[in-house]
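>>> Got a predicted structure plus its sequence, pasted below:
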Amino acid sequence: MHVAHLSLRDFRSYVEAEVPLAPGPTTFVGPNGQGKTNLVEAVDYVATLGSHRVATDAPLVRVGAHRSVVRARVVRDGREALAEIEIVPGGANRVRLNRAPLPRTRELLGLLRVVLFSPEDLRLVKGDPSDRRGFLDQLLVARSPRLAAVRADYDRVLRQRNALLKSASGARQSAADGALRTLDSWDDHLARTGAELLAERLRLVAMLRPLVEQRHAEVAASAAPGRTTATMGYVASFELPAESTDRETLRAALLAGLELRRGDELDRGVTLVGPHRDELQLGLGDLPARGYASHGESWSLALSLRLAAYDLLRADGDDPVLVLDDVFAELDQDRRDHLAKSVAEAEQVLVTAAVPADVPSSLSGIRFDVVDGVVQRG
């Protein structure tokens with residue numbers, strides 16, 4: 001799998017850009033702020049319909065423009081497909097595949113798989129639980145695009161249940177009684193969609209854990225004793241049944257958790273139980289990574305997570321496009337060499353760097369210079 005051509009119009013800093021790509025490593029080189037990351041961000045957007053840098057689409061549209069367009073020609077199993085995304089801030093984005101409109105944007109998911117490693121990945125270790133949940137859910141959707149609909153359903157039910165809790169907490173007694181009766185129905189909806197999402201997360205963590213452990217042992221081979229072992233565990237916001245990923249069992253446990261916390265939820269006007277409150281717990285040896293890992297150890301763990309995701313997607317049968325966005329300058333020589341060695345055989349690697357010297361020789365390939373938003377073959 002690889003991207004053969006990338007075309008941008010009014011995306012970020014680009015009025016227009018036409019970038020021919022090929023299998024193997026490609027490097028975008030230029031000073032910071034020239035538009036290198038915008039190129040790989042666009043590739044990732046085709047795969048995920050989201051940005052690794054911002055939470056909304058508005059910053060993706062060039063200042064002064066009303067919409068932007070990203071086109072990518074994707075080659076998979078020897079066949080080409082043209083993906084086109086029209087980004088409309090404040091409106092509905094439009095997607096076409098081989099010139100034919102798709103009814104829903106998420107129907108594009110699965111065409112392209114991308115694993116992106118960037119400086120923002122430190123949030124996977126040092127950031128909030130939502131960052132780690134997002135990592136899991138994005139990987140779930142990459143492996144099984146139908147789960148995008150499951151996640152969307154869960155988020156919709158959660159919003160409606162939160163609105164009901166908020167209104168019930170401030171309502172008169174008669175209105176509150178009615179809201180509580182309605183709440184039972186929303187509990188069922190939340191438990192059903194939540195159990196499906198949770199079952200998939202638990203299975204994913206079970207598959208990722210040995211891959212993360214193996215990758216971290218390689219990346220952090222020279223670390224201090226007791227700090228080379230990475231641990232990973234899923235911590236739910238309610239009592240999980242032991243060793244079970246059965247949806248009905250998880251649904252019943254989630255309903256029990258909701259019942260147990262209902263009083264607290266009514267007091268606070270928000271849902272306190274469910275996958276949106278769960279945590280992917282990362283550790284080094286016997287200590288939690290968050291709050292205890294050094295800067296270098298955090299990089300090692302973040303790198304191990306991304307490489308494990310790459311290994312898992314590759315095991316599914318498709319070599320994902322690997323994007324390394326300005327990461328070599330952040331890594332010490334050992335981690336830099338290990339990363340380069342790990343990904344050198346990938347079908348396509350897209351690298352951004354401020355100077356050519358930041359890129360290991362094993363990833364030298366096609367080079368583009370990026371200056372003032374102009375992309376030229378180096």
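Nice, I can see it.
>>> buried ones in the lowest-mean-pLDDT helix or strand in the chain?
Ranked by mean pLDDT, DSSP states H and E, the helix or strand of the chain with the weakest confidence is helix 333-343, at a mean of 83. For helix 333-343, the neighbour count (16 or more other CB atoms under 10 Å) marks Arg335, Arg336, His338, Leu339, Ala340, Ser342, Val343 as buried. Every C-beta, even on glycine, is put in place using the N, C-alpha and C of the backbone.
>>> Likewise for stretch 15-31?
Neighbour-count burial for stretch 15-31 flags Ala17, Val19, Leu21, Pro23, Gly24, Pro25, Thr26, Thr27, Phe28, Val29, Gly30 (criterion: 16+ other CB under 10 Å).
>>> Which residue is the nearest non-sequential neighbour of Ala346?
Leu322 (4.7 Å; CB to CB, 6 or more residues apart in numbering).
>>> contact partners of stretch 135-142?
Outside stretch 135-142, the residues that touch it by CB atoms under 8 Å, 6 or more residues apart in numbering are 47-48, 50, 109-110, 113-114, 124, 147-148, 151, 197, 200-201, 204-205, 208, 280, 305, 309, 312-313, 320.
>>> rerun at 7 Å
48, 109, 113, 124, 147-148, 151, 200-201, 204, 280, 305, 309, 313 (CB atoms under 7 Å, 6 or more residues apart in numbering).
>>> how distant is it from the center of its chain?
Relative to its chain's centre, stretch 135-142 lies at 6 Å (CA atoms, centre = their mean, to the nearest Å).
>>> As JSON lines, the buried residues of stretch 15-31 with pLDDT would be great.
Below are the buried residues of stretch 15-31 laid out as JSON lines (pLDDT from 0 to 100):
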{"residue": "Ala17", "pLDDT": "95"}
{"residue": "Val19", "pLDDT": "96"}
{"residue": "Leu21", "pLDDT": "96"}
{"residue": "Pro23", "pLDDT": "95"}
{"residue": "Gly24", "pLDDT": "93"}
{"residue": "Pro25", "pLDDT": "94"}
{"residue": "Thr26", "pLDDT": "95"}
{"residue": "Thr27", "pLDDT": "95"}
{"residue": "Phe28", "pLDDT": "95"}
{"residue": "Val29", "pLDDT": "94"}
{"residue": "Gly30", "pLDDT": "92"}
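>>> In strands, which of the residues you listed fall?
Ala17, Val19, Gly24, Pro25, Thr26, Thr27, Phe28, Val29 (DSSP state E).
>>> Show me the shaky parts of the stretch 151-300 of the chain.
Low-confidence segments of the stretch 151-300 of the chain (pLDDT under 70): 170-179, 222-227.
>>> for it, what spans make up the strands?
All strands of the stretch 151-300 of the chain, identified by DSSP state E, counting those that start in this stretch, fall at 230-235, 279-284, 287-288.
>>> Those strands: which one's closest to His216?
strand 230-235 (3.6 Å; CB to CB).
>>> angle of the least confident helix or strand of the chain against strand 24-29?
Here the directions of helix 333-343 and strand 24-29 differ by 140 degrees (axes from the mean of the first three to the mean of the last three CA atoms, to 10 degrees).
>>> Contacts for helix 333-343 next, please.
Applying CB under 7 Å, 6+ apart, the contact partners of helix 333-343 are 218-219, 222, 299-300, 303, 307, 322, 328, 331, 349, 360, 362-363.
>>> If we ignore the residues flanking it in sequence, what's nearest Gly110?
Using CB to CB, 6+ apart, the closest residue to Gly110 is Pro145 (3.8 Å).
>>> What helix or strand is that neighbour located in?
Counting by DSSP states H and E, there is no helix or strand that carries Pro145.
>>> pLDDT wise, what is it at?
On the pLDDT scale, Pro145 is placed at 94.
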